[in-house]
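Q: everything below, folded, please.
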Amino acid sequence: MTLLTRIVFGGASLLLLLLALGLVFLGVGDALRAVVSPDHSGVDALLDVLGYVIVAIAVFDVAKYLFEEEVQRDKEKRSAAEARRSLTKFLSTIVIAVFLEALVVVFKTAREDVALLIYPTALLMAAVVVLVGLGVYQRFSAAVEQKVGAEDEAADRKDAARESRPARRKPTARPQT
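A: Residues are numbered from 1 along each chain as shown. So this is what the prediction gives:
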């Protein structure tokens, strides 16, 4: 089952990587067509490409995360700290991508119709909520790790002490002479 899981996640990672590359190439192609077109603004074309590249980076990061965590990894996460670091790294990249995409949409919307700025503002607020949620998760999980970590260390010391003690030998009865 582990081999099948690795194959599925490896295939999904490869597909996401190809889709991210496709987004970059399509974005650049659209920008080149827009720049040579007399009825289209070059600034809008560049903002479109920027949006494509930001989304492609986020998709690529998801592919990389899946590959590193589900395909390359030999065993399950050993500690809560390891899982927290992995999740934090992943979510940080996604939050940065959402912030950048929201900024691109703010610039595009401000150029076209200022009344529509509510939508990019909502996207920025959603990114802020995810970032604050990540901070809360970090705070609570770090506190739990300290508590659980101390208990785990005490149990490990107890096990090590038990293993290092020589085995007690039962006294043997001596035959009476």
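Q: not counting sequence-adjacent ones, nearest residue to the residue most central in space within the chain?
A: Centroid-nearest residue in the chain, with C-alpha atoms, centre = their mean: Phe90, separated by 1.4 Å. In space, and not counting its chain neighbours, Phe90 is closest to Tyr65: 4.8 Å by C-beta to C-beta, 6 or more residues apart in numbering. For the C-beta atoms, the positions are set from N, CA and C on the backbone; glycine is no exception.
Q: quick check: which element contains that neighbour?
A: Using DSSP states H and E, Tyr65 maps to helix 42-66.
Q: what angle do the next helix or strand after that helix and helix 42-66 make?
A: Proceeding N to C from helix 42-66, the next assigned helix or strand is helix 80-112, under DSSP H and E. An angle of 170 degrees separates the directions of helix 80-112 and helix 42-66 when computed by axes from the mean of the first three to the mean of the last three C-alpha atoms, to 10 degrees.
Q: next structured bit after helix 80-112?
A: Next along the chain after helix 80-112, taking DSSP H and E as the criterion, comes helix 118-164.
Q: next, the angle helix 80-112 makes with that next one.
A: Between helix 118-164 and helix 80-112, the angle formed by their directions is 170 degrees, by the same axes, to 10 degrees.
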